[in-house]
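> Let me see the structure of the following:
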Amino acid sequence: MKAILFCQNNYAFGILEPIKQVLESNNDNYIWFIKEKILNDFPHKTDNFTTKISDLEHYNSDVIFVPGNEVPYFLKGLKTQVFHGLAGEKKGHFRIRHYFDLYLTQGPYFTNRFNELKNTHKNFEVIETGWPKLDVYGQGKNKYNTYKTELLEKHKAKKVILYAPTFSPKLTSAPFLINQIKRLANNLDYIILLKFHPLMDNDWINRYKELANKIPNIIFQDEKNIIKFLLISDILISDTSSVIYEFILLDKPVITFNSISENIKWEDTSNYDELVELVDTNLTKDPFAKSRAFIVKQFHPYNDGKSAQRMVEAVKSYINKNGVPKKRELSFLRKLKIHSKFGRPHKK
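I've put the predicted structure just below:
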C-alpha cells in the first residue's frame, strides 16, 4: 500500500507519526506532504517527503491520511480524515465539506454523530478506530517520568501545572489570565509550563514569553508535540481546547474558563480571579474525579496503544472491498477553494 501523510500544520506530525510507524512495520510505502511554512519544524527529514502537490499527483497513492479539513480532490487515493483534536463542540468539527471518503473516529461520541451525517449525505463511510496521537498513552505513559523528576528537583517544586489555551480570539483565556498566572507562580511548589497553539496571536505569545523570562518557575515551551507536557503535568488550565480531552483521558484534573463544551465534566468558571484557589482545590481534593469517566468512555475508550494500527487495517479493508478512488467528486465552488489552496491539477 502507498500512503500520503498530509500535513498542513505542525500539530499534524504527532498525529501521523504513529501511522507512519505502522506503515513501516508493514513494509508499506509512504510519503509526507509538508506545507512550506512548516518545513523547518518537520522532524522526519530523513523520511520520504515533499512540499509539492505535483509530486503527490505522480505518487499514485492508495490512501491519504489527513488530520486537517481539506485535501485536494484530484489526488488518487482514499481520502481519509483522522482529525486533529477531540473538541467536538468547536465550530466546524462536524461540518461535512465533502473532501473525504472515510472518517476514522476516536470514540462513540464522534462515531454516532458522523453516522447520522453519513445517513444524510450518503457519500462517505465511518469507522471507529481511536486516535493515533494517543497511542503513547497505551505504550509509554511513563516515558517522561525521569524528566519530570529532574524538573521538579531543579526548581525544588512539587507539582507541574500546564497552561495550554486555545488560539481562537473569541475563546482564548490568554488575555485575561496573564496576571493570574503570575500570581499563581508566587507558590514556589508549582512549576508552570506554558504551551501555546502555533496559531496563537504573536502578541500574546511574546507577552507570556516575557513573563517566563522574568519568573524562574514559569517555563515557556516551544517544543511542538504537547504530549510530553500532558504526561508530566499534574493539572491543566485551559478554556475551549481539544487538549482538555487529551488530558482528561490521563485521569487528571482540568480547570477551564468559559468553556463552550457540551460535556463539561471538570472545573469550569467565568471568574478569572479564581485561578489560584481553583488550582489548590483541584490538586488537593480533585472534586471531578468520578465524572471524568464519562469523557473516557465516550470520547476515547481505547488504551491499548493500537489506534494507528486499527486505522491502517481499516483503510486496507475498505480498499479491498471498494477499490482505490481516483478522485473525489466535488461541487464547482469546492473545487475552486481547493485550487486556491493547493493549485490546479496538472494535465497528464
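> Next one: residue 2 from residue 58, what distance?
As defined by CB to CB, to the nearest Å, residue 2 lies at a distance of 11 Å from residue 58. Using the backbone N, CA and C atoms, a C-beta is placed for each residue, glycine as well.
> Comparing those two, which residue is more hemmed in?
residue 2 (17 against 11; other CB atoms under 10 Å).
> Tell me how this protein divides into domains.
Here the domain parsing of the chain from automatic domain parsing is 2-131+302-342, 140-299.
> Adding mean pLDDT as columns, could you present those domains in JSON lines?
Converted to JSON lines, those look like this (pLDDT from 0 to 100):
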{"stretch": "domain 2-131+302-342", "mean pLDDT": "94"}
{"stretch": "domain 140-299", "mean pLDDT": "93"}
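> what comes into contact with stretch 113-125?
Stretch 113-125 is contacted by residues 88, 94, 96, 98, 100-103, 105, 126, 318 when judged by CB atoms under 8 Å, 6 or more residues apart in numbering.
> buried set for that stretch?
Under the neighbour-count criterion of 16 or more other CB atoms under 10 Å, stretch 113-125 has 113-114, 124-125 buried.
> what about the strands in this protein?
2-7, 29-34, 49-50, 63-66, 78-81, 102-105, 125-128, 159-163, 190-194, 218-220, 235-238, 254-257, 267-269 (DSSP state E).
> so what does the shortest one touch, helix or strand wise?
When you say that, I think you mean strand 49-50. strand 29-34 (3 or more CB pairs under 8 Å, 6 or more residues apart in numbering; DSSP states H and E).
> now the angle from the strand it packs on to strand 2-7?
Computed by axes from the mean of the first three to the mean of the last three CA atoms, to 10 degrees, the angle separating strand 29-34 from strand 2-7 equals 20 degrees.
> related to what we said a few turns ago, which of the contacts of stretch 113-125 are buried?
Buried members of the contacts of stretch 113-125, scored by 16+ other CB under 10 Å, are 88, 100-103, 105, 126, 318.
> Please identify which of those residues is nearest to residue 305.
residue 105 (17.7 Å; CB to CB).
> OK, contacts around the closest residue to the closest one other than its chain neighbours?
Closest residue in space to residue 105, ignoring its immediate chain neighbours: residue 111 at 4.4 Å, by CB to CB, 6 or more residues apart in numbering. Residue 111 is in contact with 105, 126, 128, counting by CB under 8 Å, 6+ apart.
> May I see the buried residues of stretch 113-125 organised as CSV, with distance to residue 67 added?
Below are the buried residues of stretch 113-125 laid out as CSV (distance: CB to CB, whole Å):
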residue, distance to residue 67
113, 18
114, 15
124, 16
125, 18
